[in-house]
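Enquirer: Okay, here's the prediction I keep looking at, along with the sequence it came from:
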Amino acid sequence: MILTAPLEFIGRNTLSFLAAIGRVTLFAIETLRQLFLPPFYLREFALSLLQIGWLSLPVVGLTAFFTGGALALQIYSGGARFNAEAVVPSIVAIGMTRELGPVLGGLMVAARVASSIAAEIGTMKVTEQIDALVTLSTNPMRYLTVPRVLAATLSVPVLVAVGDAIGIMGGYFVGINRLDFNAAAYLKNTVDFLEFWDIASGMVKGAVFGFIVALMGCYYGMRSGRGAQGVGRATKSAVVASSVLILASNYVLTEVFFTA
């Protein structure tokens with residue numbers, strides 16, 4: 001019995017993990033199916049666009065600006081060891097558009113949006129508002145999940161694009177004011193080395209990250225336990241799951257996009 005206890009623990013947790021993956025996959029498939037079925041709740045979609053997109057812009061912009069500035073300082077410091085300080089503009093641009101812009105933008109949106117969605121839907125479940133929607137012949141998935149997932153999938157790529165521009169601008173300000181770069185030369189190097197796919201790949205990542213964030217928020221909100229503790233646990237789980245899935249999917253997408 002003592003010898004088999006570790007194996008039982010590993011097996012039990014493995015089965016629980018696989019069951020959780022199955023539940024999330026089925027939830028995602030049902031969300032995509034409901035996406036194409038009427039009615040379409042345009043008011044909920046517009047409100048979700050405002051909450052997820054517009055109101056997330058300040059935190060994403062500030063994060064990108066300071067990240068771009070710090071990246072310029074680090075690249076300059078490292079490049080100075082090899083007399084390669086001139087690569088600062090190009091590396092800042094590529095680093096922001098390919099990786100740091102999408103990932104940090106996705107994580108900031110996850111911290112702000114996944115927690116908000118999970119808390120909102122979890123509270124609705126605790127107060128039996130979701131049961132009331134069913135009583136009124138309204139599909140909760142179609143009314144609550146679809147507008148938020150669609151809004152996040154469409155708005156996060158725009159946030160990523162804006163964050164990329166702000167991050168590059170942060171690197172530009174640091175390069176001009178702290179590292180003594182010529183303004184025209186800095187901008188020319190940025191434009192010359194930046195390719196269309198660098199920007200497009202980041203926006204594709206943003207769409208995937210937005211889908212993940214909203215899906216996790218809705219999933220854990222729908223599965224929230226009763227009471228304040230249940231809502232708090234759902235909120236925490238939504239942020240953790242979103243963050244981990246963003247980092248994991250970022251690796252997979254990078255492998256697909258940039259491996260020859």
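Expert: Alright, I've got the coordinates.
Enquirer: any weak-confidence spans in the chain?
Expert: For the chain, residues meeting the criterion pLDDT under 70 lie at 1-3, 260.
Enquirer: Going by secondary structure, the residue most central in space within it is in what exactly?
Expert: Among the residues of the chain, residue 106 comes closest to the average C-alpha position under CA atoms, centre = their mean, at 2.5 Å. Residue 106 is part of helix 101-109 when elements are defined by DSSP states H and E.
Enquirer: need the next SSE after that helix, C-terminal direction.
Expert: Sequence order places helix 115-126 as the next helix or strand after helix 101-109, per DSSP H and E.
Enquirer: Now that following helix: buried residues?
Expert: Using 16 or more other CB atoms under 10 Å as the test for burial, helix 115-126 gives 115-126. In this view, the C-beta of every residue, glycine as well, is placed from N, C-alpha and C.
Enquirer: Does anything pack onto it? Which helices or strands?
Expert: Helix 115-126 is packed against helix 196-222, helix 227-258, with contacts defined by 3 or more CB pairs under 8 Å, 6 or more residues apart in numbering; DSSP states H and E.
Enquirer: Ok, which of these comes nearest residue 9?
Expert: Proximity to residue 9, assessed across the helices and strands packed on helix 115-126 by CB to CB, is greatest for helix 227-258 (21.1 Å).
Enquirer: What is the closest one packed up against?
Expert: The elements that helix 227-258 packs onto, with contact taken as 3+ CB pairs under 8 Å, 6+ apart, are helix 101-109, helix 115-126, helix 196-222.
Enquirer: Okay, buried residues for it please.
Expert: Buried residues in helix 227-258 (16+ other CB under 10 Å): 230-231, 233-235, 237-239, 241-243, 245-246, 249-250, 253-254.
Enquirer: now stretch 90-110
Expert: 90-110.
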